[in-house]
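**Q** Task: produce atomic coordinates for the following.
(2 chains)
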Amino acid sequence: AQKVTQAQTEISVVEKEDVTLDCVYETRDTTYYLFWYKQPPSGELVFLIRRNSFDEQNEISGRYSWNFQKSTSSFNFTITASQVVDSAVYFCALSDRDSGYALNFGKGTSLLVTP
Amino acid sequence: GAVVSQHPSRVICKSGTSVKIECRSLDFQATTMFWYRQFPKQSLMLMATSNEGSKATYEQGVEKDKFLINHASLTLSTLTVTSAHPEDSSFYICSARTGMNEQFFGPGTRLTVL
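**A** Model prediction:
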């Protein structure tokens, strides 16, 4: 069975600090997809990244970066120089053939960035 | 990216009434749509998988007679909450899957049952 663990329930940082959100996953499939979403208070999910299991290259997009390590089944997300607008709940998710490609979400990490 | 709409965005209803939520893929065809539910301060949980032209597949613990799903076309899936009760109050969000295995989420529907 697949599982996504986000061990950090809440993180609070001061603006301009770097922060890393952890995500560890489990799956039996060799082909799977990993996602990160941001959910601001409005509730709408904001897509951040999708990574397939064959692409272990790390990704950087502006202040965001992702570290995919198959050896440790982790897909961590780092925000550099955090800003107040980054405050939100962040979800890591996994989809694979076993799940019919539905997304299995972690419990989410609530990030609060204070001025 | 592709656009998925949901209607209504917010609904308040009385206990015992039924509520229909629509999920539309606006610029692509989706053979598969998923329905998720999110209670306050919790994560999103898959309720059911909806395939065009066939019966929906429900997750364990989700009553198929209470949450009716219809996926009559490649761009529309509907979720009807029948005889809604206060415990059904939640944020319902759909996603549509493309042929390239991408998924796009709707903006969600906040249901409040009084």
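
**Q** what about the residue nearest the centre of chain B, distance to A:Gly108?
**A** Nearest to the mean C-alpha position of chain B, counting by CA atoms, centre = their mean, stands B:Trp35 at 3.9 Å. From B:Trp35 across to A:Gly108, the span is 19 Å (CB to CB, to the nearest Å). (Glycine included, C-beta is placed from N, CA and C.)

**Q** quick one on the thing from earlier: contacting residues around the residue nearest to the centre of chain B?
**A** Neighbour list for B:Trp35: B:23, B:46-48, B:50, B:67, B:69, B:77, B:79, B:92-94 [criterion: CB atoms under 8 Å, 6 or more residues apart in numbering or on different chains].

**Q** Does it belong to a helix, a strand or coil?
**A** Assigned with DSSP: H, G, I helix; E, B strand; the rest coil, B:Trp35 falls in the strand class.

**Q** ok so, going back, what's the closest of the contacts of B:Trp35 to A:Tyr101?
**A** Nearest to A:Tyr101 among the contacts of B:Trp35 is B:Leu46, at 10.9 Å by CB to CB.

**Q** who's in contact with the nearest residue to the closest one once chain neighbours are set aside?
**A** Of all residues not flanking B:Leu46 in the chain, A:Ala102 sits nearest, at 4.9 Å (CB to CB, 6 or more residues apart in numbering or on different chains). Residues in contact with A:Ala102 (CB under 8 Å, 6+ apart) are A:95, B:34, B:46, B:49.

**Q** what comes up buried for stretch B:74-81?
**A** Within stretch B:74-81, the residues that count as buried by 16 or more other CB atoms under 10 Å in any protein chain shown are B:74-79, B:81.

**Q** Just name the closest of the residues you listed to chain A, please.
**A** B:Ser77 (13.4 Å; CB to the nearest CB).

**Q** ok, what's across the strand from that closest one?
**A** B:Cys23 (DSSP bridges).

**Q** List the buried residues for stretch B:6-17?
**A** For stretch B:6-17, the neighbour count (16+ other CB under 10 Å) marks B:6, B:11, B:13 as buried.

**Q** hmm, I was thinking of stretch B:52-72
**A** Here stretch B:52-72 shows B:52, B:56-58, B:62, B:67-69, B:71 as buried, counting by 16+ other CB under 10 Å.

**Q** which stretches of the chain form strands?
**A** Here I'm looking at chain A. According to DSSP state E, chain A carries its strands in the segments A:3-5, A:10-14, A:19-21, A:24-26, A:32-39, A:46-52, A:59-61, A:64-69, A:74-79, A:88-96, A:104-105, A:109-114.

**Q** that's the wrong chain, I wanted chain B
**A** Under DSSP E, chain B gives strands at B:4-7, B:10-13, B:19-25, B:32-38, B:44-51, B:57-58, B:67-73, B:76-81, B:90-97, B:103-105, B:109-113.
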